[in-house]
Every structure is written in C-alpha cells, then in structure tokens.
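Chemist: Build me a structure from this.
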Amino acid sequence: MRVAGVDRHVTVIIPCLNEEEPIADAVREVLSEDVDDVIVVDNGSTDATASRAREAGARVVAEPRRGYGRACAAGFAAISPRADIVCFLDGDGSDVPRFIPDVVAPIARDQADFVMGSRLRGTREKGSMTPQQMVAGHIAGALLRVFYNVRFTDMSPFRAVPAGKLAALGMTETTYGWNLEMQMRAAASGLRIVEIPVDHRRRRGGESKVSGQLAAGLSAGWKISATFMRLLVSLRKQAA
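Modeler: Next up is the predicted model:
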C-alpha cells in the first residue's frame, strides 16, 4: 500500500462472530483502499461469515475459542513476515475503511507508533454508538490521562500499529479488554500515540455482541474496568 508517499505493507485484521450480512461489503471496502492483506478471523461463527469473507477476497483464519482478544491475536499470528503495519477494524460495517490511509499515515511517516481512530471526534451516524459506549470511552480516557498522561477519547476498534511494536507489547487479554490493554501497554511503553477523527456508521447487519444487549454491555463494562485495574498493577510491577 502506498500511503504518505511511501510504500508500506499494510495488513487489516477483522475479528468476526456471526457477521454474514455485512462482512462481504466490509471486506470489499477495505480492499478498495489497496491494502496488502485482509485477514478475517472467524471466531466460531455459526453462520456463513467465513465463506462470504473468503468469496469477497479476504484470507480467513479460524479461531474457534470465543473471545475478541483471542480473535485479534489469531489474526496477528497469521500476518505475513512482510507486514509493516497492522490495522484493526470491526466486521459489522460500522467502521469506515476509507479512513484507513488516514489512520496508517502517521506511522508510515514515522510520526507515530500507535494510531487510534476516534469515533467521538469524527462524524457519527445517528444511533451508531450507544450512550454507554461514549461514556466508557470518556472514562477510560480520563483514567489513561491521570495515570499515563496520554489523551484518548475512545476505545475504538479502528487502530493501527507497526507489526514489530505490537509484538513487543506482549498482549494477553482474551476478551473485550483487548483494546484497552493495547492502549495501556502502548502508553506504558512510551510509544508515540496519535488519535485522529474517523467517521462511524450504524452496523450494517447482524446483532451487536455488546452494545445492543444490556447484559452483555454490563459484562463488557465490568471486564474493561477489571482489566484496567489488573493491568495497572501488573505494569507498575514490571516498571519497578
């Protein structure tokens, strides 16, 4: 992929669970940005997610053990040795792939080591984010600012990081805490962090595993809070 005037091998990883309706269009949109590789991780889907992603041009990796973090890790384990930059986004059609060059550019220019696409700073389609998602982003951002002096407004899945630096972070979270863990580890490691506005849409099909269900949303919120406190203690021990 040529971005910011330079050639970088960009791999996009899309973790998926039962996203047969939107996944083909999501893959085609990503491929239209001339990325080098699209990996869809089928996280134990019971529908046609895998076949539709493959037909649309993605490379499909199976991770039958449920867990968002497991799916992301499986995708990362499958990247090509040539991959320079890894970009993550969701497969429900809510993330807007035309922002991939914007998210990747600061890394390609060697101006950043970790780039977050902030939905809260971009243009959001009505109903694309629930109030609890926005509040969670603000709370996480406040905690990260207090403890690490970095500024985040969101815990968006849309993000990019150099492959080597992601490997060095030592990610361990297996569920919804993966995104927060990456932000905390990036901050604790002193990576150069940039947050840019990205647009956000309502999901294009399927059912949300978190935001659309009260019980799942509460569970994810608890997991994220517990992850923050656990990692805070762990990272401080590592630094001691």
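Chemist: do you know how far the residue positioned nearest the centre of the chain is from residue 177?
Modeler: The residue lying closest to the centre of the chain (C-alpha atoms, centre = their mean) is residue 157, at 2.8 Å. Residue 157 sits 13 Å away from residue 177, going by C-beta to C-beta, to the nearest Å. All C-beta spots, glycine's among them, are computed from the backbone N, C-alpha and C.
Chemist: Show me where the chain dips below the pLDDT cut-off.
Modeler: For the chain, residues meeting the criterion pLDDT under 70 lie at 206-221, 223-224, 240.
Chemist: Surely the residue nearest to the centre of the chain forms part of a strand?
Modeler: No: going by DSSP: H, G, I helix; E, B strand; the rest coil, the assignment for residue 157 is coil, not a strand.
Chemist: State the distance from it to residue 13.
Modeler: 10 Å.
Chemist: okay, and the common contacts of those two?
Modeler: Applying C-beta atoms under 8 Å, 6 or more residues apart in numbering, one finds that residue 157 and residue 13 are jointly contacted by residue 88.
Chemist: residue contacts, residue 138?
Modeler: So residue 138 contacts 120, 153 (C-beta under 8 Å, 6+ apart).
Chemist: again, but for residue 153
Modeler: 118, 120, 121, 137, 138, 141, 195.
Chemist: ranges for the strands of the protein?
Modeler: Taking DSSP state E as the criterion, the chain carries its strands at 2-3, 6-7, 10-16, 37-42, 59-62, 85-88, 114-118, 159-162, 193-197.
Chemist: Those into CSV, with extra columns for distance to residue 183 and mean neighbour count?
Modeler: Output for the strands of the chain, formatted as CSV (distance: least, C-beta to C-beta, whole Å; neighbours: other C-beta atoms under 10 Å):
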stretch, distance to residue 183, mean neighbour count
strand 2-3, 23, 16
strand 6-7, 26, 12
strand 10-16, 17, 27
strand 37-42, 20, 26
strand 59-62, 24, 18
strand 85-88, 12, 26
strand 114-118, 7, 25
strand 159-162, 8, 24
strand 193-197, 8, 19
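Chemist: so where do the helices sit in this protein?
Modeler: Ranges of helices within the chain are 23-31, 49-56, 68-77, 100-108, 131-148, 163-169, 178-188, 214-239, based on DSSP state H.
Chemist: how about those, which one is nearest residue 42?
Modeler: Of all the helices of the chain, helix 49-56 sits nearest to residue 42, with 4.3 Å by C-beta to C-beta.
Chemist: Pull out the buried positions in the closest one.
Modeler: 49, 50, 52, 53, 54, 56 (16 or more other C-beta atoms under 10 Å).
Chemist: Verify the stated contact: the second one with residue 41.
Modeler: No: here residue 50 does not reach residue 41: they are 9.6 Å apart, not a contact under C-beta atoms under 8 Å.
Chemist: shared neighbours, those two?
Modeler: Counting by C-beta under 8 Å, 6+ apart, the contacts common to residue 50 and residue 41 are 60, 62.
Chemist: Could you pull up the contacting residues of residue 66?
Modeler: By C-beta under 8 Å, 6+ apart, the neighbours of residue 66 are 17, 43, 44.
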